[in-house]
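> pasting a predicted model and its sequence here:
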Amino acid sequence: MKQVEERYISLLTDFGFKRIFGSAPNKDLLICFLNSLFNGRQVVKDVKYLNPEKVGDIYTDRKAIFDVYCEGENGEKFIVEMQNAYQTYFKDRALFYSTFPIREQAPKGNEWDFKLNHIYTIALLNFNMNEDAFDKEKIRHHVQLCDTATHKIFYDKLEFIYVEIAKFNKSLDELETLYDKWLYALKNLYKLTQRPEALCDKVFDRLFEEAEIARFTPQEQREYEASKMAYRDIKNSIDTAKREGKEEGLAEGMEKGLAEGMERGMTQRSLEIARKMLANGMDTATVMKITGLSAEQLELK
């Protein structure tokens, strides 16, 4: 059976996500999405894109590469990430990423009262996070520093928002809010052959225009195909690792065996994907971002 050719890009790919949300000509789409996510709690009127690659200070050469990094009109910083695969220390990575916009607010010189602007880290997760602290029935999770006894917010300028888009299963007929429509587009845009009535709001005009593959240059098409291949390799590796991990875990009769089996399978397949990417000329930083491997692991490949 002949495979139906995609008309629109997948926003789950690195190329697709950055094309729609990470380019200055499309900043109105990012602003719209952020406002739908905040739902009035925070209003974003304008953003300025910042360099998404951050380098550590003199004590470390560790880098952070964000999918989207921008600044609001009041100095607030937004890190927006699409994450397709679970990582053992994913929460640690999110916290580590937030330290860069914190540190860069410190001016040179001695005169500074340590006042910081707000920092938002927004992680769009194409998997179930299975976090004990989260309500399993919810898709969006809002994390802030609070007092564990009173549950009152202790510090309101550092926020982590996790959105498990993998759990979003509403059909077109069930979409009610702008936020619903954005989640549907994030998860299903590449499956559409034509623009559905439910997504005919004016704000989506640019989305469908920018996402139409037929409008791409030959170079853009090659970049998208490479990004799509990397995405599919990762998802296939995850599914395979889950199956093998489960089999090994059951064979050992222990939950520990399941976790260790999944981790070994995931690491091995991530290394295989990394080899292909590096062989095709992809830079090491991008390979680390996509596969979740460290520089040390890549050196041992």
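Received it, and whenever you're ready, just let me know what you need.

> quick one: residue 18 from residue 35, how far?
Look at residue 18 and residue 35: by C-beta to C-beta, to the nearest Å, they are 20 Å apart. Every C-beta, even on glycine, is put in place using the N, C-alpha and C of the backbone.

> that should have said residue 169, apologies.
24 Å.

> likewise residue 234?
The value you get for residue 234 to residue 35, if C-beta to C-beta is used, is 30 Å.

> what is the neighbour count of residue 156?
10 (other C-beta atoms under 10 Å).

> could you pull out the helices for the stretch 1-150 of the chain?
Ranges of helices within the stretch 1-150 of the chain are 14-21, 27-38, 90-103, based on DSSP state H, counting those that start in this stretch.

> return the most buried member of the ones you listed.
helix 14-21 (a mean of 21; mean count of other C-beta atoms under 10 Å).

> how about residue 37, nearest residue that isn't a chain neighbour?
For residue 37, ignoring the flanking residues on the chain, the nearest one in space by C-beta to C-beta, 6 or more residues apart in numbering is residue 179 at 6.3 Å.

> tell me which element that neighbour is part of?
helix 178-188 (DSSP states H and E).

> name the residues of the very next helix or strand once past that helix that come out as buried.
Sequence order places helix 205-211 as the next helix or strand after helix 178-188, per DSSP H and E. Using 16 or more other C-beta atoms under 10 Å as the test for burial, helix 205-211 gives 207-208, 210-211.

> and helix 205-211, what does it pack onto?
helix 14-21, helix 27-38 (3 or more C-beta pairs under 8 Å, 6 or more residues apart in numbering; DSSP states H and E).

> what is the orientation angle of the shortest one with helix 27-38?
Counting by axes from the mean of the first three to the mean of the last three C-alpha atoms, to 10 degrees, helix 14-21 lies at 90 degrees to helix 27-38.

> ok, and what's touching helix 14-21?
9-11, 26, 29-30, 33, 67-68, 80, 82, 189-190, 207, 210-211, 223-224, 226-228, 230-231, 286, 289-290 (C-beta atoms under 8 Å, 6 or more residues apart in numbering).

> what do you get if the cut-off is 6 Å, keeping everything else the same?
With contacts defined as C-beta atoms under 6 Å, 6 or more residues apart in numbering, helix 14-21 is touched by 9-11, 26, 29-30, 67-68, 82, 223-224, 227.

> let me know the closest of those residues to residue 44.
residue 30 (8.4 Å; C-beta to C-beta).

> quick one: the closest one from residue 191, how far?
Applying C-beta to C-beta to residue 30 and residue 191 gives a distance of 22 Å.

> related to what we said a few turns ago, in this structure the residue nearest to residue 37 contacts residue 36, no?
Yes. At 4.1 Å, residue 179 and residue 36 qualify as touching, with contact defined as C-beta atoms under 6 Å.

> next one, pLDDT for the residue nearest the centre of the chain please.
Centrality entry for the chain: nearest residue to the mean C-alpha point is residue 82, 1.3 Å, by C-alpha atoms, centre = their mean. Note for residue 82: predicted pLDDT of 93.

> from here on, count from 8
Sure, I'll start counting at 8 from here, so that last one is residue 89.

> that one pairs with what?
On the basis of DSSP bridges, residue 89 is bridged to residue 131.

> who are the neighbours in contact with it?
24, 74, 131.

> as TSV, these with distance to residue 52 would be great.
As requested, the contacts of residue 89 are exported to TSV (distance: C-beta to C-beta, whole Å):
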residue	distance to residue 52
24	23
74	22
131	22
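
> related to what we said a few turns ago, tell me how many other residues crowd the residue nearest to residue 44.
18.

> next: the one 10 residues further on.
The burial count assigned to residue 196 is 22, neighbours taken as other C-beta under 10 Å.

> for it, which non-adjacent residue is closest in space?
In space, residue 196 is closest to residue 15, 5.0 Å off (C-beta to C-beta, 6+ apart).
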